[in-house]
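Novice: whatever this is, show me its structure:
(chains A and B)
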Amino acid sequence: MFYREAGQFKTSYAADQALLPIRQDRIGLGLILLVAFVAVPLLASDFFIGSIMIPFLVFTLAAVGLNILTGYAGQLSLGTGAFMGVGAYACYKLTTYFPDINILFMVLLSGIFSAAVGVVFGLPSLRIKGLYLAITTLAAQFFLEWCFIRIGWLYNYNDSGAIEVPQRKLFDIAITGASASPTVRYLVIVSLVALMTLVAANVLRGRIGRSWMMIRDMDIAAELMGVRPLYAKLSAFAFSSYYCGVAGALMVFFWIGSAEAEAFDINHSLLVLFMVIIGGMGSLLGCFMGAAFIWILPIAIRAVPQMLGLDVIAATTEHVSNIIIGVLIIFFLIVEPHGLARLWQIGKEKLRTWPFPYSSN
Amino acid sequence: MTTRTLITLAAGMLAASSWIPVAQAQDSLYVPSMTYRTGPFAGGGTPFADGYADYFNMLNERDGGINGVRIVVDECETAYNAQKGVECYEATKDKGALAYSPLSTGITLALVPKAPVDEIPIFSMGYGLSAAAAGDKFPWTFVYPASYWSQLSSIIKYIDENGGVEGQKIGFIYLDAAYGKEPIPLLDQLAETMGFEVAKFPVGVKEMQNQSSQWLNVRKERPDWMIMWGWGAMNPTAIKEAAKIRFPLDRFIGNWWAGSNNDLNAVGEAGKGYLAANFSGIGQDFPALQDVLTHVVKKGMSKVASEDDVGNVLYNRGLFNAVILAEGIRVAQDMTGKKIITGADMRDGLEGINLTEARLTELGLPGFTGEVKGSCEDHEGGGSIFIQQWNGSNWEKISDLIPPMSDVVRPMLEEAAEAYVSDKPNWQAQTCG
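Specialist: Below you'll find the model as predicted:
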């Protein structure tokens, strides 16, 4: 009833090819952006911004990166954590070498290092596929983690062996370091994530994105139709790793504030992979949903006993939350193997015929 | 396409945000407890968290708190994970938190820069950043009663007193992470000045439980002594391997995170003779621990599985962590004349701490540990450790307190603190004296 494009006529090709052709979707997105850019910074508490929204957005960006590679180009990767680490360490090195250059520029630049490393570890994808490729990306994960521990130069030979975030300013406001307020850090991250998601959405529906999807669906057919696997696969690795690298830099510089090599271990890679699988392979919306599911839901579950005034041991809530999340993952994968994004799509289709599902549409 | 779920989600999250910060009633002292009762290291985290909570609860039950103000211990589960630790910190810091003991190096490193901003001291007892011992550079961080470097120097001293180190070969087996590598600069320096040789055996985080290749190398190198900077599952594995190659275990010394009951229970009789450093007394034979038993454990207010767990190494260490915080609160109350203190008062209190043997006896902990006396410059406050030995079923204290080689360690600590601060232009230091 409310969600119908009836009466919305397109009079130009541009309108027909718009990212969001339906007016209701545009209004909805506008509302989300309004909430994200105005309501959250104004109304939410520091904890909500600093410990829920910022990590959520960082993970979303990493999930977008992995989804490009795994969901759109069909190349399974277990090295996301390490690629995020490359971005983080590159950003740290860059900003300690050139402290006067704006940190945002450095964050965006550090993704390029990550992209380069991604291309190198993507080379085996020209020969092998599927699980075998996953194993070689696992090699990337372990090798890079080893580098983060062993190469002292990467962390400037700190005694702590960790990278620590110095204070950096934008327009005279501290945006990194301990004195940067969560709201400021949030605004930086949300702007970057919004921008990069927009870029990804457009790349994915363009020529490059379509060549990735052709490779994913059937690489031989794609090759016969003139898609060069070398370029398609490696560009997917580069693009994906770039996003992961930026996410890693954001994670250290705008969220945690310092990181040891363990922060980028295999568990981190798996976490992002779960987000992509739960959210939905090959869907940008799925990245947001998956990240919310994996990051926000446990926090919400942990807060429940406190809300009800129950005196439960923190460790018990942790166990219970792990159980609930595990059960929900199984439940969702049984009900809808294509992830939350697919559920939402089905919901939208139902919504179009609501409240008369039997009338022809 | 991206629309409605996100709206509902965002709305839901907004609604959710309103309940998270719950203000604490200001008639009690709020002490957050970061625990890791879950996750890969839960075996060590659980007794520590129990000891920590039980001591504060004992003070509440026996004395009605500290100077009549009850203490609220609020546990937050980190699973030893830095991201969750930061989340815990953000969730609790506005409730009037007096001090944080992050209990994980990763979390400590993330919190150290936040402490001056939020004005809540960080008390990382025997872990974290060694350099934080320099109080003038790190006004908000404390590492009582000893830093890793002090500990290493005391262990070398022990070796020196038991046969001499000159001309000996000392093997150093360590977790190949920042934690394990930290003492290496000091070890190299001491090797040079004291004339011994060092052989290093790194153990990767992923091979903690499979150290046969490292111990093959140990057998080749034939060191006279072994020192271990181990953690978690690495410890029992190393001791078993050492026993297997018939390395004399009474010449194998673990640091204070490689010498708990959990580590050695898995080894049992085979680990007999193994040595470890420690700074918190062993066993229940202290009046304060008896009070914990009567007032807390026997009333069923503790989370320990059995009464025997009270008094094991990590339990007592958690308890000692609480003892120092409680003492800091007392000093701060005396200094300010207020009953309800703030994080900033707590910082001054921790700095003014003076746990002499007489004071320890008053607290019911005679001979529990060495003296801990803080000052503006000295956030390490003592640095003495003792050596304990595994007798096949429990630990026994076998040495007196061994003070560190302050003349060597202190300048290195100050240099490290200087290096940490040097690339942080807006770092908040303090001037002492």
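Novice: against chain A, how distant is residue B:54?
Specialist: According to Cβ to the nearest Cβ, to the nearest Å, residue B:54 and chain A sit 14 Å apart. For glycine as for every other residue, the C-beta is placed from the backbone atoms N, C-alpha and C.
Novice: run through the neighbouring helices and strands of the longest helix along chain B.
Specialist: Assignment by DSSP state H gives helix B:313-336 as the longest helix of chain B. Packing partners of helix B:313-336 (3 or more Cβ pairs under 8 Å, 6 or more residues apart in numbering or on different chains; DSSP states H and E): helix B:42-63, strand B:122-123, helix B:261-265, helix B:287-292, helix B:343-351, strand B:354-355.
Novice: could you dump these into TSV and include mean neighbour count and mean pLDDT?
Specialist: Output for the helices and strands packed on helix B:313-336, formatted as TSV (neighbours: other Cβ atoms under 10 Å in any protein chain shown; pLDDT from 0 to 100):
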stretch	mean neighbour count	mean pLDDT
helix B:42-63	23	89
strand B:122-123	26	92
helix B:261-265	22	86
helix B:287-292	20	89
helix B:343-351	23	89
strand B:354-355	20	87
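Novice: looking at the ones you listed, which is nearest to residue B:188?
Specialist: Nearest to residue B:188 among those is helix B:261-265; the distance by Cβ to Cβ comes to 26.8 Å.
Novice: tell me the first helix or strand C-terminal of that closest one.
Specialist: Sequence-wise, the next helix or strand downstream of helix B:261-265 (DSSP states H and E) is strand B:275-278.
Novice: pairing partners for that following strand, with directions?
Specialist: As defined by DSSP bridges, the strand partners of strand B:275-278 come to strand B:252-254 (parallel), strand B:386-390 (antiparallel).
Novice: got phi/psi on residue B:141?
Specialist: Here is the backbone geometry of residue B:141 (degrees, to the nearest 10): phi -120, psi 140.
Novice: nearest to chain B: which residue in the stretch 151-300 of chain A?
Specialist: Closest to chain B within the stretch 151-300 of chain A is residue A:161: 2.6 Å, counting by Cβ to the nearest Cβ.
Novice: hmm, residue A:155 and that residue touching each other?
Specialist: Yes - contact status for residue A:161 versus residue A:155: in contact at 6.1 Å, counting by Cβ atoms under 8 Å.
Novice: ok, back up a step: among the strands paired with strand B:275-278, which is the most enclosed?
Specialist: Each of the strands paired with strand B:275-278 was scored by mean neighbour count; the highest is strand B:252-254, a mean of 26, by mean count of other Cβ atoms under 10 Å in any protein chain shown.
Novice: outside of that one, which residues touch it?
Specialist: B:155, B:158-159, B:225-228, B:230, B:235, B:239, B:242, B:263, B:274-277, B:387 (Cβ atoms under 8 Å, 6 or more residues apart in numbering or on different chains).
Novice: closest to residue B:416 out of the helices and strands packed on helix B:313-336?
Specialist: strand B:122-123 (16.8 Å).
Novice: what's in contact with that closest one?
Specialist: So strand B:122-123 is contacted by B:99-102, B:108, B:111-112, B:115, B:128, B:132, B:140-142, B:144, B:321, B:324-325, B:328, B:350 (Cβ under 8 Å, 6+ apart).
Novice: buried among those residues? Make that a PyMOL selection.
Specialist: Here is the PyMOL command that selects the buried residues among these (16 or more other Cβ atoms under 10 Å in any protein chain shown):
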select buried, chain B and resi 99+100+101+102+108+111+112+115+128+132+140+141+142+144+321+324+325+328+350
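Novice: give me the element residue A:268 is part of.
Specialist: Per DSSP H and E: helix A:266-279 holds residue A:268.
Novice: actually, residue A:148.
Specialist: Secondary structure (DSSP H and E) places residue A:148 in helix A:130-150.
Novice: is any residue of that helix near chain B?
Specialist: Yes - contact of helix A:130-150 with chain B (Cβ under 8 Å from any Cβ of the partner chain) involves A:142, A:146, A:149-150.
Novice: wait, does the helix or strand that that helix is followed by contact chain B?
Specialist: Next helix or strand after helix A:130-150 toward the C-terminus (DSSP H and E): strand A:163-164. Yes - using Cβ under 8 Å from any Cβ, a contact is recorded between strand A:163-164 and chain B, made by residue A:164.
Novice: what helices or strands is strand A:163-164 leaning on?
Specialist: For strand A:163-164, the packing partners by 3+ Cβ pairs under 8 Å, 6+ apart come out as helix A:80-97, strand A:258-259.
Novice: so which elements touch the helix or strand encompassing residue B:74?
Specialist: Using DSSP H and E, the element containing residue B:74 is strand B:70-77. If contacts are counted by 3+ Cβ pairs under 8 Å, 6+ apart, strand B:70-77 sits against helix A:314-335, strand B:28-35, helix B:42-63, helix B:82-92.
Novice: pick out the residue of the stretch 101-250 of chain B closest to chain A.
Specialist: residue B:178 (2.6 Å).
Novice: how deep is residue 93 tucked in, by neighbour count?
Specialist: All of this is about chain A. As a burial measure, residue A:93 scores 18 neighbours (other Cβ atoms under 10 Å in any protein chain shown).
Novice: not what I meant, chain B
Specialist: Neighbourhood size, residue B:93 [other Cβ under 10 Å]: 20.
Novice: same check on the one 5 residues further on?
Specialist: Using other Cβ under 10 Å, the number of residues around residue B:98 comes to 26.
Novice: ditto for residue A:116
Specialist: Residue A:116 has 15 neighbours, counted by other Cβ under 10 Å.
Novice: now it: how far from chain B?
Specialist: For residue A:116, the distance to chain B - Cβ to the nearest Cβ - is 26 Å.
Novice: please, which helix or strand holds the residue lying closest to residue B:124 once chain neighbours are set aside?
Specialist: Distances taken as Cβ to Cβ, 6 or more residues apart in numbering or on different chains place residue B:108 nearest to residue B:124, at 4.6 Å, with adjacent residues excluded. For residue B:108, the enclosing helix or strand under DSSP H and E is helix B:105-111.
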